[in-house]
Every structure is written in C-alpha cells, then in structure tokens.
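Q: Quick check, what structure comes out for this input:
(2 chains)
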Amino acid sequence: MLSSTRESDTVEARAAARPARARSHGAIGLRRVARHRGATLGIVLVAGLLLLSLLAPYVSRYDPAEPHFGARLEPPTAAYPLGTDSYGRDVLSRVAYGGRISLVVGAVSVVVSFVVGLPLGVAAGYAGGRIDDLIMRIIDVWLAFPELLLAIGIVAVLGPGLHNVMLAIGISGVPGVCRLVRGNVLAVKEESYVEVACAVGGTAMHIVRAHVLPNVLAPVVVLLTLRLGTAILAGVGLSFLGLGVQPPAPEWGAMVAEGRTYLQQAWWVSTIPGAAIFLSVMGFNMFGDGLRDALDPRLH
Amino acid sequence: MRAWASRPGDREDRNTKIARRRLLTRAAVAGAGAAASGWLSGLASPQAGAAAQGAPRRGGTLTLVLAQDPPSLDPQKTPSGDASHFLLYNMLVSADRSSDAFLPELADSWAIGEGGKVITFKLHPGVKFHDGTPFTSHAVQATISRLVDPQTAAPGASWIGPIDHVETPDDVTARLVFKQPYAPIFSSLRIIFLAMLSPAAIAKLGPNYGQTPVGAGPFKFRQWIPGDRIVLDRYADYAWAPRFYKNRGAPYVDGAVVRIIPDESTRVIAFERGDLDILPQAPAQAVSRLIQTNKYQVFRTPTDGGYYLGLNVTKPIFSDVRVRQALGWAINRDEVVDYALEKLAVPMDSPLAPTIWGYSKGLKHAYHHDPDRARRLLAEAGWKPGANGVVQKDGRPLAFTAWTFPLETNVRIGVVLQNQLKQVGVQMNIEQIETATLLARTPSGQHDAILISYGWPDADILYYFFHSSRMATTNRVHFSNPQVDRLLDEGRVTVDPAKRLEVYRELQETLLEQAPWIPLASPYAVTFAQPWVRDLYVDKYGDLLTNDVYIQK
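A: Modelled structure (predicted):
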C-alpha cells in the first residue's frame, strides 16, 4: 500500500494547492481508485466479465442449453474453444451466459441487502433507544446464522430458482449492511453540523436525507462492492448444491458440479467455470479493496 | 401397520438400495472378466467369472468387504442383511440363479394348500447347525416364533406376513399356516430375516444370539472385531448348497474374512492393493477407471428398481391420457442410459424393472422412441404449435415442472428428458428439492411430476404406488383406476406364482396404457473381483454366490 499512500499524498497536495471546491470528493476518489493497482486489475476483471456476459450471443454460436450428444466431452478445439461438457454443450457459450446469471444474482441480491439494510441501520442509529435495541437484537440473531446456511434455509423454504436465490442471498446480507450503516450514523449524528441542523429546526427526515445519508454512503458503497463478490460466490455455491438456478440454465456453480465426475477425463468442464468464478470474485474484491483505500479518509 | 409397509418407496440413494438388495439370495449374472464391449452390451444372460482351469483348489481365504459393521449377526436383529449373514446362514428356499423359479435350500419341496393359507415344507434331511444340533421342523417353528415374538422386536418380522402358526407333524415336515393367503411369501422366505436358527442356540444364547451366531450356512463364526473384521471358518459338514452350485458341499476356501472399511476411496485402494478379493458395489467415480485397467473381473448387475417420470394425473395437463402417452413415446430411453447413466443401466419398458419378480417381457403397450407418434397424440388431444416451439391449447403452453432430488444422476436424467420432450413441443422444467421435503409434499398433489427412483424385489411394490387407497401416502401420481385396484388386490392374494405372474402382466399392460408413470431405466451395480478369484457368481441383485469359489494365485 506504500505506493498508493504516496500517490494519495500527491493527490492531497494538489487538491490542497487549488481552491477546495475545484474537485469534488467523488472525482478525487475515482482518480485514487484509478491509480490503485489492485483496483485497476479489479476493474479490468469486472469489465471483462461484463463484456463477456453482454456479448454472450456473439461470443459463441451455440445454444448454451441444447445438448449435442454427438459431441460429448470434446477437448478445446477451434470449433469449441473451451471444449464441451458431458451433454455436448459448448463450455464457452455456457460460461458466457453463466456470467449473466452470476452478475444478476450478485447485483440484485446486493440491492436487496441495501434496500432492507439501509433503512434499518439508519432507523437504529438515528432513533437510538428502544428502537435501536429492538432492531439490533433482531440483527444479532440474524447474524448468528452463517450467511450461506441462512441462504440455504431460505431457499429450502421458498423453493429453488433464480428469484429465490437472489432473495435468500440478499436477505442473508442485510445484517452486515445494517450494522455498518448504524455505526456510521451514530458517528455522524454527533457531528456539529447535525447538531446545527437540529438546532435550526430541521425535521428528522430532512436531517437524515441531507446530512446523515451522504456522509454514511461511502463505506456502504465499499461494502456493497465487496459483497458483490461474496454474493456471486454464494449464488454459485447454492447452484453447486442444486438449490440455485435449475438445469439446463448455464450456471457456473452447476457447471462445476456437473463436470466434477469427469475431472479425470475432461478437466475443462469443471475447471473453466471454476476459473470464471475465481476471477470474477477476485475482480470484485480487488475493486472493492481499492475503493475502500480511496474512499476511507483514515487511510490517507 | 406392518413394520416394512413404510419401507417400500422411492429412494434417494444407492446405499439404501444396496442394503435392501443384499437381503436376497438370487441369481443371474453379468459379464465377468469380460471386455468392455461385453459389459456394455445390455442385459447379459447369466455368466460366470473367471472360468475353472482344471480342478478347483482347496485352501486360501476369501476376503470380502463391508462399509460398516452389521448391526448384528443375528438375522432377527438386523434391518438388512449383508455378506457376513449370507456366509453364516441358510434359508428354506433360494431363488434360481438364472430364472424366477424358487429352488430348494433347507427345504427339499413344498406344497401349497387351502387356497394359499397353508404351505407344507419337506425339509432336507441330515442338515446340522454349526453347534452340531440337527435341523428339524422344530427349528423352523422356533425360528418363526422368535421372529414374530414382539419381545424379539425383529426389524424383519413383518416379512413373514399374516402367519398364524407353524405345525410340526414330524421332524422333516413343517407346515406354515397363515391367517390369509400371503402371495409374496416365497420372495420373503429366501431373505435373510427368514434364516433358520438353531433352537438349542436360541435357548442358550437368547438375545445374545448375534454375538456367537449359529447357522447352517457354509461358514461358521470364529471372531468379530468391531470396526475391523469378521472372521469365519469353513464349515466342513456343509453339504446342502442350492442346486445351481457345482459345489454342493463345503467351500473350497479355508475361511472367509469380512473387512469393515467405511471410507469409499479406502475400500477401492485396498482392493487395488490386492488386500480385498472382491469389491462389491464399487463407487461410481471408480467404476470406469477400474474397468479401464483391464486387470479385474467385472460383474455388472442390474438392480431391482429404476428411475421413472411420475405424472400427477390430477393436474389438468396430465388428466388427458393421450398427453401422458405422448410423453412415453417422446422419450428415448437409450439416450437416458447412454448419456445420463453412462451405459451402466438397462432401459425399462415396464413400471417394473426386469429384475423384479413379476416383470413381464414383451408387453404390448411398451413404449419406444417414436416422436412422430407423440406429436400425433398431442395434436389429437388438441395441442397446437405455439410460441417458442412449445405446443399450446387455449393459449396455455404444455409446460410442467418435474421435482427431483438434488442428486447428480437424477439431474442428468432430467436434462436428457428436457431435451427429448422439447423435440415434441413439451417444456419440462426441473426443480431440485431435498429428499424429505419432496416426499413430504407429494401427497398433497402440488407437483406436476416427479423424477425419482425406487427399488423393491417383488411386484407387490406396485400396490404402494398405484392403489387408490395409497393416495395420501405413496401413490405420488394420485392415480385411481378400478381395474388397477382390482389387479393389485388380486396380486396380493394369488399365491400360485404362475397365476400371480399373469395378474401382474395384465396390470403392467394397464399401467403402461394409462401411463401414470413413464418408466426410464434400471441402473446397474458394478462388482469387481481379483483375477485369482475363480468361479465367482454375482447374482442379479449384486449378491455374491461364493460356494464354487476357489483361489488360484
């Protein structure tokens, strides 16, 4: 992190040399992220994943779900750049379409965590007292369940499938968001500008919107970015167990599960979706780390 | 409720099937020491293992393996039988190795009387238990009395059916008297729960029978080190092996050791090291690798059950029999066998797997792959081509969701079916649901279809799946048909095997025509044996028939 500190110093120095308003916090943050090596790699990986998913129909000419029993377990060749699986389906095309599923699972479940966790956290932190106690005790119980176990439980009740998986992972991510928001709200609440806003007669709603929220969002954004990776991993985990997206949908976790029987004769069936999982989760984690380094004032 | 009435049913894992299959002594074998082409080529006729070269050699030890200690070596204290029990005990009858006939074992002959309520057995004279006491009709009486005694709490007690009492007119005549005729009795009599016990040992050992077991089988008990091994000695006086054996007398080997190795991979490694002579029910991952080594004898044995697609006939789309039949014609069972079961299965053309007692060959209504016929039937039923290649009627697409267990094989079969049904315009979705949940939810009939497997040695299993009285429990397709009910009831009380077969033939025809089930495939179990194990037979249930075996290293 040495280099990033040094870079940040220069940024700080330059920012100080100019009028304070010339550059917004956001712009400074983005430049910091761009200069952060890990974050850059993260962005590249994430961008690659996005491109692969968006361009899936152009990446491969094969239907990702249609078996071709005449071409089972074909090794990577010109016709099948990443080989075929035990049903003769093109692995490249399945990995590409699988990216869409994983991205959607990640994004939607993170939004679910955010939409449920943010109001709870703000309410607990800002209102304090009994409301805080009540919400936080519930969150404590919630946290006592390991995330994946909770997700498995929810899917077991709701039934398998894409929607329920996103809901389950989203719900299991709520406590983290809630606690982080509450902690930051508690800190921000004591700031003098909040006191002032209170003194001039601002309503709670107004203070939260205008003063509290903007100041707690940065760490939440970082957490959500990091959670994207975790959520994708949870999604493929559930599908690996057969609880997630149902066949013949090209889901990475399901692909790994399906190919592991053939690992000795056809390594590509499991390994390639496995690598896709690894790279995308790493991408989101590195991006999130860089974002945190850039946005967290304590690190500068 | 009889103890085993809850047991027939769908099963989720191979192990339970194996446990149950091991209850049986019966016959027929698959390609042994054969080339890969041989063992892949469908249901084999009975074959032996490595053939005899000259005279069998005396001596040596036969080393077998179990995944866990038997719960007890007392056949009336164990919920399932395994290799150790079969080496120790004999039953009254056994089943032929290559046909559905029942053969004499400890009984020489039998007669059925009073409409099936009385069965009289003439016992084999001169049989002695391992403790030296003679086997007589009193042993039959003592064994069965102990089996049904509530104090024994025998897990297999209900297999004897509605027995009333056993009469012993003389030493070699035993008469089983039933309250009602009980047709599956012969299927029951050859399983380990009906193993004959020594009355002297029962009196002496009481509930501890299993600690120093006494039987009339080819090996006698020496030692049991729990978690490690069971050691058995050759029973030199043995001379009553069933007649399908060349060797009707004492085994050629000096003894048998049954090793206990819980871990699957460890069992495979022990076999490859040569520590085990026989590896039964090899784990799926190891099968193709072991075959490819070309070093071992391979016994591919069909199992007494199979996979099926069960259609909930109360759902509007499946209430029309033509739609159900169309599904039957749309499915290519060979693809299911080849691509979902890695050729370790046979296609099923009846709700009964070919190894189940009561299965009929050449059924008129059997389905084969005929997609055009499927399309015609759908058109007749009013389903017209619609969006995305899925046929529709009144604006509703012909789509359904099949529930299955989250198990690799189930899902693989599902994906293959999905593709085949798509060819005729039917959209099948798969939903993997945890075993207990699936079984608990089907009685309420929320499901469209189920894709699962079952296993049972006797055609009586159909009663549980299709009788209207079982609607709230195991009749998971919610099927109700007076003719089927009548045939199922008749099959239960028709004791004469030939007549009973006819009843079940008619029943299978009706079930195929009505198509509440689309039968798919019956999987194989694969047993490996070392090349030095000579004259081993593996019967069609995967049980080892060892009396001809000798070791030639």
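Q: Give me the residues contacting stretch B:275-293.
A: Outside of stretch B:275-293, the residues within contact range by CB atoms under 8 Å, 6 or more residues apart in numbering or on different chains are A:261, A:264-265, B:14, B:18, B:36, B:39, B:62-65, B:83, B:259, B:264-265, B:267-268, B:270-272, B:296, B:298, B:342, B:344, B:525-530, B:532-533, B:536, B:538, B:542, B:544, B:551. From N, CA and C alone the C-beta is placed, and that goes for glycine too.
Q: Around chain A, which positions in the stretch 51-200 of chain B sit nearby?
A: Within the stretch 51-200 of chain B, not a single residue sits near chain A (CB under 8 Å from any CB of the partner chain).
Q: Filter the contacts of stretch B:275-293 down to the buried ones.
A: By neighbour count, with 16 or more other CB atoms under 10 Å in any protein chain shown, the contacts of stretch B:275-293 hold A:261, B:14, B:18, B:39, B:62-65, B:83, B:267-268, B:270-272, B:296, B:298, B:342, B:344, B:525-530, B:533, B:536, B:538, B:542, B:544, B:551 as buried.
Q: Where does pLDDT dip in the stretch 51-200 of chain B?
A: Scanning the stretch 51-200 of chain B with the threshold set as pLDDT under 70 gives B:51-54.
Q: ranges for the helices of it?
A: Along the stretch 51-200 of chain B, counting by DSSP state H, counting those that start in this stretch, helices occupy B:83-88, B:137-148, B:185-189, B:199-205.
Q: State which one residue of the stretch 51-200 of chain A is found closest to chain B.
A: A:Pro67 (4.9 Å; CB to the nearest CB).
Q: Kindly tell me how buried the nearest residue to B:Ala111 once chain neighbours are set aside is, as a neighbour count.
A: Sequence neighbours aside, B:Thr120 is the residue nearest to B:Ala111 in space, at 4.9 Å (criterion: CB to CB, 6 or more residues apart in numbering or on different chains). Neighbour count for B:Thr120, taken as other CB atoms under 10 Å in any protein chain shown: 17.
Q: in the sheet, who's paired with B:Thr120?
A: B:Ala111, B:Arg175 (DSSP bridges).
Q: Contact residues of the stretch 1-150 of chain A facing chain B?
A: A:Glu66, A:Pro67, A:Phe69, A:Arg72, A:Ser86, A:Tyr87.
Q: hmm, which of these are the buried ones?
A: When these are checked for burial by 16+ other CB under 10 Å, the buried set is A:Pro67, A:Arg72, A:Ser86, A:Tyr87.
Q: What does the pLDDT read for the third one?
A: We have a pLDDT of 88 for A:Ser86.
Q: list the contacts for it?
A: Neighbouring residues of A:Ser86 by CB under 8 Å, 6+ apart: A:Arg72, A:Leu73, A:Glu258, A:Gly259, A:Thr261, A:Tyr262, A:Ala266, A:Val269, B:Tyr339, B:Arg412.
Q: Roughly how far does it sit from B:Val411?
A: 12 Å (CB to CB, to the nearest Å).
Q: count of neighbours near residue 166?
A: Picking chain A for this. So A:Met166, with other CB under 10 Å, has 23 neighbours.
Q: could you do chain B instead?
A: B:Val166: 20 neighbours (other CB under 10 Å).
Q: Next: A:Ala47.
A: Neighbour count of A:Ala47, defined by other CB under 10 Å: 12.
Q: Now it: which helix or strand?
A: helix A:37-54 (DSSP states H and E).
Q: Please name every helix or strand in contact with that helix.
A: Packed against helix A:37-54 by the contact rule (3 or more CB pairs under 8 Å, 6 or more residues apart in numbering or on different chains; DSSP states H and E) you find helix A:25-35, helix A:91-122, helix A:268-295.
Q: How far off centre is the last one?
A: Looking back up the chat, that one is helix A:268-295. 10 Å (CA atoms, centre = their mean, to the nearest Å).
Q: So is it next to chain B?
A: No - residues of helix A:268-295 are not located near chain B by CB under 8 Å from any CB, the shortest gap being 12.5 Å.
Q: Tell me what angle that helix forms with helix A:37-54.
A: Interaxial angle, helix A:268-295 versus helix A:37-54 (axes from the mean of the first three to the mean of the last three CA atoms, to 10 degrees): 130 degrees.
Q: how about helix A:268-295: buried residues?
A: Within helix A:268-295, judged by 16+ other CB under 10 Å, the buried ones are A:268-274, A:276-277, A:280-295.
Q: Check whether the residue of the stretch 351-500 of chain B found nearest chain A sits in a helix, strand or coil.
A: When distances are taken as CB to the nearest CB, the stretch 351-500 of chain B reaches nearest to chain A at B:Pro406, 3.0 Å away. Of the three states, B:Pro406 takes coil under DSSP: H, G, I helix; E, B strand; the rest coil.
Q: Can you tell me the closest non-neighbouring residue to it?
A: A:Gly242 is the one closest to B:Pro406 (CB to CB, 6+ apart), at 3.0 Å.
Q: Please apply the same query to B:Val148.
A: Per CB to CB, 6+ apart, closest to B:Val148 is B:Ala157, 5.6 Å.
Q: residues near the one you found, how many?
A: B:Ala157, neighbours per other CB under 10 Å, totals 20.
Q: ok, so what distance separates it from B:Gly455?
A: 21 Å.
Q: Quick check: A:Gly176 vs A:Leu150, distance?
A: 12 Å.
Q: Look at whatever residue of chain A ends up closest to chain B and tell me its secondary structure.
A: Using CB to the nearest CB, the closest approach of chain A to chain B is made by A:Gly242 at 3.0 Å. The three-state label given to A:Gly242 by three-state DSSP is coil.
Q: quick one: pLDDT of it?
A: 88.
Q: likewise the one 5 residues further on?
A: Here, the pLDDT recorded for A:Pro247 equals 89.
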